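# This is a predicted model, with the sequence first.
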2 protein chains.
Amino acid sequence: MLHDPAQLDLMFQALADPARRQMVDRLSRGPASVSQLAEPLAMSLSAVIQHLNLLEASGLVRTQKVGRVRTCQIEPKALRAAEHWINERRLSWERRLDRLGDFLAEK
Amino acid sequence: MLHDPAQLDLMFQALADPARRQMVDRLSRGPASVSQLAEPLAMSLSAVIQHLNLLEASGLVRTQKVGRVRTCQIEPKALRAAEHWINERRLSWERRLDRLGDFLAEK
DNA sequence: GCAATAGTTAAGTAGATGCTTCAGTGTTTC
DNA sequence: GAAACACTGAAGCATCTACTTAACTATTGC
């Protein structure tokens, strides 16, 4: 579910925008309402909500509404999936380098 | 240098595109020329070069030209920087959850 | 030196993206 | 029940992105 390519696509796309990364950064320090998320950003509430919806669609952020307040929080599993994708590629490359080193050392 | 926000921005933006992630994936298995990179992709060589230039500008890929062939390889340090950004946020969140758990357990 | 190869650049274009404003809806407070 | 609050949705718009094609440069092999 989390490793399907479409979801990864949404996640990386979500992380590509500085405002959205700033929102994730804020949420990494604890839950926040929409207006709290919006406060440090130099754009309209409406724009923030559009970013937030994208973050939620990507799975990186989960939100729930109580009364008139929508509270947002990070979904660590999704962050881990993105992290994992990068990590696998990097390790694959580094292992290759190691094997190459071993091969060269054998002479 | 690798942690400056502008570079991170370029990296995440570069990773946001499926074709570019496919290129990174291919390169994680070893160096490749431009045409080798292009081969599995359903687009013109020209388009691939544009993606490649973006990947190079982001620091994720390093290339060097020998004769008429440009050989590309992954820059693991850059991958690590992106990985690290995500990891820090996730850990920050998870540590917060732990503290909260401890606090609740204390009653 | 001529042809094939490997890559590059520029210009153009359709569609995606990141906003804005404005007109709402539902909730709480007095 | 009226006003303030927290958020939402739709429409419009400027810009950016991911391509395309076509014309081009630099190497290599014969």
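Cool, the structure landed. Numbering: from 1, shown residues only, chains lettered A, B, ... in the order given.
# Go through the longest helix anywhere in chain A and flag the buried ones.
In chain A, taking DSSP state H as the definition, the longest helix is helix A:76-105. Residues of helix A:76-105 classed as buried by neighbour count (16 or more other CB atoms under 10 Å in any protein chain shown): A:76, A:78-83, A:85-87, A:89-90, A:92-93, A:96. Yep, even glycine has a C-beta here, placed from its N, CA and C like the rest.
# That helix and chain B, any residue contact?
Yes. Contact between helix A:76-105 and chain B, assessed by CB under 8 Å from any CB of the partner chain, occurs at A:76, A:79-80, A:82-83, A:85-90, A:92-94, A:96.
# Please, where are all the helices along chain A?
A:5-15, A:18-28, A:34-38, A:45-58, A:76-105.
# Which strands and helices lie in contact with the second one?
In other words, helix A:18-28. helix A:5-15, helix A:34-38, helix A:45-58, strand A:61-66, strand A:69-74, helix B:5-15, helix B:76-105 (3 or more CB pairs under 8 Å, 6 or more residues apart in numbering or on different chains; DSSP states H and E).
# Please compute how far the third one lies from its chain's middle.
When you say that, I think you mean helix A:45-58. 13 Å (CA atoms, centre = their mean, to the nearest Å).
# I'd like to know which elements it is packed against.
With 3+ CB pairs under 8 Å, 6+ apart as the test, helix A:45-58 has helix A:5-15, helix A:18-28, helix A:34-38, strand A:61-66 packed against it.
# So for it, mean pLDDT?
What helix A:45-58 shows for mean pLDDT is 98.
# Check the fifth one too.
Regarding strand A:69-74, the rounded mean pLDDT is 98.
# orientation of it relative to helix A:18-28 in degrees?
Angle between the axes of strand A:69-74 and helix A:18-28 is 90 degrees (criterion: axes from the mean of the first three to the mean of the last three CA atoms, to 10 degrees).
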